[in-house]
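J.: build me a model:
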Amino acid sequence: MSKIIPTGRFKKQRKKVKKNPRWHNIFYGEVPFENDHRSPWKHVIECFLNDQEIPDYFYEHPINLTKQQRQEIKNRFGSLADLKIRGLDLHFDGHNGDHLLLYIRTNKDMIYLTGIGTHSDLF
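T.: You can find the predicted model right below:
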């Protein structure tokens, strides 16, 4: 079971997007999977918590982390030489969607949520 840790920046962004009506389907809609009535947000978070693979629908793919992001995560662990991190993003509304979640996976069963928003908000 992985532990999810939201960064301060992520918390501010999440608060902002939850108020935006364009994000309503992400937090309160349903995923397009048969017999699954969870919202895309809940589906992804439960996948993280239960160490399940993210379905292809969400188009999870790697992103380049900045040196600052890498250093921030490594500082939280102290001097662990064997720490491996990788930056990823996924699209809540499918491959062509514009509702993104940025996160960092570690080999220590921790997932850092680092950003949520549209492409223009985040990049």
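J.: report the distance from the lowest-mean-pLDDT helix or strand in the chain to the chain centre.
T.: In the chain, no helix or strand scores lower on mean pLDDT, DSSP states H and E than helix 67-77, which sits at a mean of 80. Its chain's C-alpha centre and that of helix 67-77 lie 17 Å apart, by Cα atoms, centre = their mean, to the nearest Å.
J.: check which helices and strands it sits against.
T.: Applying 3 or more Cβ pairs under 8 Å, 6 or more residues apart in numbering; DSSP states H and E, one finds that helix 67-77 contacts strand 85-91, strand 100-106. Heads up, the C-betas are built off the backbone N, CA and C, glycines and all.
J.: for those strands, give me CSV that also has mean neighbour count.
T.: CSV is the format used below for those (neighbours: other Cβ atoms under 10 Å):
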stretch, mean neighbour count
strand 85-91, 18
strand 100-106, 22
